[in-house]
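Enquirer: take this sequence and fold it.
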Amino acid sequence: MSEPGLDHAFLQFIGATPESQKHWQRFYVPLFVGCRDALDVGCGSGDFVELLAGEGIAARGVDSDPQCCVDARARGLHVDQADALEYLRAAHDAQFDGMFSAHLVEHMPYEAVLALVREAWRVLRPGGRLVLATPNARALFAHLETFYMHFGHVSFYHPELLRFFLQYAGFTRVETGVNTTMPAGAVWGGNLRGRVTRPGLAERARLAPLDLLFMDTPPNAPQTGAEAVGAGGDWPAHAGSFVVPWYGRPLPELPPASDPAPFAPVQFDRTLPLVGGGLLGRLSHRVKNFLARWLVLPYLDDIVAQYNARLLAQQQQLAETYAAAHGGTDAAAAALAESTNAALSAVRVELNETHARADRLARRLGEALVQQAEFGARLDERVTGVDRQINREISSLQAAYTQIGEKLQALAAEFAGTTDRLVDALEALDPPWECYVVGHKADD
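Expert: Model prediction:
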């Protein structure tokens with residue numbers, strides 16, 4: 001027999017409340033439907049007595065802990081303080097039609113349990129029933145947690161052993177079960193099946209085609225020539241016959257001596273246009289402009305500057321000649337015109353030589369660009385071949401990826417089945433940790 005008040009103090013220590021006790025004990029209320037006088041043996045603070053009373057069933061309880069009895073009586077419940085076996089032995093034959101005892105038998109040796117069952121059969125009326133609830137010997141959680149937590153536990157009682165005791169004492173229609181209010185797998189944290197994450201395969205990502213990396217013309221790419229400074233000629237519409245526009249124009253005509261015109265300096269286009277489209281076309285355009293800025297433009301800038309300076313000087317001489325022709329002597333005008341024509345002839349000769357040198361330079365540049373175009377064609381062919389090879393490799397990888405996805409799905413399905421079997425096995429190891437046995441006293 002435990003120290004008085006120790007059971008009550010322990011219930012307070014583990015946080016047991018009337019609400020929590022009634023939560024799991026409510027499972028047994030339907031077994032007492034139709035009873036008129038029920039007894040709860042080892043009732044604690046009378047929680048099950050209160051549940052039965054709430055269903056209109058007259059019930060009383062008995063418990064050996066004085067503080068539990070005080071709490072129960074404070075709630076208006078009929079609870080007596082006594083030893084369970086002594087209380088039953090003092091009861092009349094066929095005094096009750098229902099008897100309940102939760103978590104009492106594990107505190108008793110088997111001789112006392114068998115005596116309790118025999119006294120229960122005696123005090124029950126024909127047709128009455130006995131319900132015993134105890135830690136489930138089949139549940140891992142009961143072995144690891146609940147049973148050894150209480151100081152007064154003596155032994156597990158397997159539900160089949162309790163069924164044997166009831167049948168041995170004379171009860172019929174003896175059945176066993178588990179309190180499903182208690183979750184299976186409590187040792188694993190409860191709701192094991194709901195917490196197991198099933199493997200899921202992510203949707204296969206589509207590989208982006210590599211065509212965009214080698215597209216001929218990017219969106220919104222400019223298709224016309226660059227900005228020009230001054231007057232310019234027509235640009236060629238095809239590659240391979242590149243023409244430098246600044247030397248392809250005829251030399252400007254000199255104004256007649258009798259009608260000088262305002263001075264107009266010679267200008268030329270300083271940039272090359274984009275010829276063709278695509279990645280290679282834009283690359284070629286950049287190379288051409290770079291070569292022109294590096295090789296041709298400095299030379300032509302110098303030539304044109306000298307040419308414009310001489311033209312300006314000759315224009316001034318022509319203006320003086322024109323003034324002399326209108327205000328001086330015929331001999332002076334003729335001499336000035338002769339010297340001017342001689343100077344202009346020298347300038348024309350020098351310009352023709354410059355034109356020839358620029359023509360040779362342009363031809364060399366054109367040959368270099370033709371070679372570049374041929375190289376670009378070969379590069380295009382090579383890139384196209386590489387692109388096709390890459391696309392073939394991508395197709396092969398996509399096929400392999402599809403096969404891997406199918407295998408992963410099969411593995412996921414197999415794993416899901418294995419997981420179900422594993423959860424079943426774990427739940428079988430740890431069913432609800434409270435079991436019960438119910439027996440009926442046969443009618444006379």
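
Enquirer: show me where this protein has helices.
Expert: With DSSP state H as the criterion, the chain has helices at 6-13, 18-25, 47-54, 66-74, 84-90, 110-123, 140-141, 147-149, 159-169, 192-195, 245-248, 278-291, 297-327, 330-429.

Enquirer: worst-scoring helix or strand of the protein, pLDDT-wise?
Expert: When each helix and strand of the chain is scored by mean pLDDT, DSSP states H and E, helix 245-248 comes last, with a mean of 38.

Enquirer: isn't residue 172 up against residue 443?
Expert: No - assessed by Cβ atoms under 8 Å, residue 172 is found out of contact with residue 443, at 9.6 Å. In short, each C-beta sits where N, CA and C put it, glycine included.

Enquirer: quick one: strands adjacent to the longest strand seen in the chain?
Expert: Using DSSP state E to define each element, the chain has its longest strand at strand 124-135. Here strand 124-135 has these sheet partners by DSSP bridges: strand 96-102 (parallel), strand 434-440 (antiparallel).

Enquirer: can you give me the angle the first one makes with helix 110-123?
Expert: Which is strand 96-102. Interaxial angle, strand 96-102 versus helix 110-123 (axes from the mean of the first three to the mean of the last three Cα atoms, to 10 degrees): 160 degrees.

Enquirer: between helix 18-25 and strand 96-102, find me the angle.
Expert: Interaxial angle, strand 96-102 versus helix 18-25 (the same axes, to 10 degrees): 110 degrees.

Enquirer: average pLDDT across strand 96-102?
Expert: Regarding strand 96-102, the rounded mean pLDDT is 98.

Enquirer: run the angle between that strand and helix 47-54 for me.
Expert: In terms of direction (the same axes, to 10 degrees), strand 96-102 departs from helix 47-54 by 140 degrees.

Enquirer: what about dumping the CA coordinates of strand 96-102 to PDB?
Expert: Extracted in PDB, the C-alpha atoms of strand 96-102 (Å, rounded to 0.1, in the frame of the first residue of the first chain):
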ATOM      1  CA  PHE A  96     -23.800  -3.600  -9.500                       C
ATOM      2  CA  ASP A  97     -24.500  -4.000 -13.100                       C
ATOM      3  CA  GLY A  98     -21.200  -2.400 -14.400                       C
ATOM      4  CA  MET A  99     -17.700  -2.300 -13.100                       C
ATOM      5  CA  PHE A 100     -14.700  -0.300 -14.400                       C
ATOM      6  CA  SER A 101     -11.100  -0.300 -13.300                       C
ATOM      7  CA  ALA A 102      -8.400   1.700 -15.100                       C
END
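
Enquirer: which positions in it come out as buried?
Expert: 96-102 (16 or more other Cβ atoms under 10 Å).

Enquirer: how is this protein divided into domains?
Expert: According to automatic domain parsing, the chain comprises the domains 6-182, 210-418.

Enquirer: to residue 435, which of these lies closest?
Expert: domain 6-182 (4.0 Å; Cβ to Cβ).

Enquirer: what is the end-to-end distance of the closest one?
Expert: This stretch, domain 6-182, spans 25 Å end to end (Cα to Cα, to the nearest Å).

Enquirer: now find how far off-centre it is within its chain.
Expert: Counting by Cα atoms, centre = their mean, to the nearest Å, domain 6-182 is centred 53 Å from the centre of its parent chain.

Enquirer: out of the strands paired with strand 124-135, which comes closest to residue 387?
Expert: Evaluated over the strands paired with strand 124-135, closeness to residue 387 peaks at strand 434-440, with 71.4 Å, by Cβ to Cβ.

Enquirer: what does the closest one contact?
Expert: 24, 28, 31, 127-139, 142, 159, 162-163, 166-167, 171-179, 182 (Cβ atoms under 8 Å, 6 or more residues apart in numbering).

Enquirer: next one: stretch 7-15
Expert: With contacts defined as Cβ under 8 Å, 6+ apart, stretch 7-15 is touched by 44-45, 63-65, 67-68, 71, 149-152.

Enquirer: now for those, which pair is the farthest apart?
Expert: Applying Cβ to Cβ across the contacts of stretch 7-15, the maximum distance is between 71 and 149, 21.2 Å.

Enquirer: just want to know which of the two has more residues nearby.
Expert: Each of residue 71 and residue 149 has its neighbours counted (other Cβ atoms under 10 Å); residue 71 has more, 20 against 13.

Enquirer: name the nearest residue to the more buried one, sequence neighbours excluded.
Expert: Excluding its sequence neighbours, the residue lying closest to residue 71 (Cβ to Cβ, 6 or more residues apart in numbering) is residue 45, at 4.4 Å.

Enquirer: thought that neighbour was touching residue 73?
Expert: No - counting by Cβ under 8 Å, residue 45 stays clear of residue 73, with 9.7 Å between them.

Enquirer: tell me which of these two has more neighbours.
Expert: Neighbours were counted for residue 45 and for residue 73 using other Cβ under 10 Å; residue 45 has more, 28 against 15.

Enquirer: who are the contact partners of the more buried one?
Expert: With contact set as Cβ under 8 Å, 6+ apart, residue 45 has these partners: 8, 11, 18, 21, 68, 71-72, 75.

Enquirer: so what pLDDT did it get?
Expert: Note on residue 45: pLDDT of 94.

Enquirer: from residue 63, how far off is it?
Expert: 8 Å (Cβ to Cβ, to the nearest Å).

Enquirer: between these two, which contacts overlap?
Expert: Shared contacts of residue 45 and residue 63, defined by Cβ under 8 Å, 6+ apart, comprise residue 72.

Enquirer: where does pLDDT dip in the stretch 101-250 of the chain?
Expert: Scanning the stretch 101-250 of the chain for pLDDT under 70 picks out 187-250.

Enquirer: change it to 80
Expert: Flagging of the stretch 101-250 of the chain using pLDDT under 80 yields the residue ranges 183-250.

Enquirer: can you pull the pLDDT of residue 34?
Expert: 93.

Enquirer: residue 257 too?
Expert: Model confidence at residue 257, given as pLDDT, is 46.

Enquirer: in this structure residue 44 contacts residue 62, no?
Expert: No - between residue 44 and residue 62 there is no contact under Cβ under 8 Å: 10.5 Å.

Enquirer: now the common contact residues for those two.
Expert: With the criterion set as Cβ under 8 Å, 6+ apart, the contacts of residue 44 and residue 62 do not overlap.

Enquirer: buried stuff in stretch 112-126?
Expert: Neighbour-count burial for stretch 112-126, counted by 16+ other Cβ under 10 Å, picks out 113-117, 119-125.

Enquirer: if we can go back for a sec, winner for burial among the domains of the chain?
Expert: Each of the domains of the chain was assessed for mean neighbour count using mean count of other Cβ atoms under 10 Å. The highest is domain 6-182, with a mean of 18.
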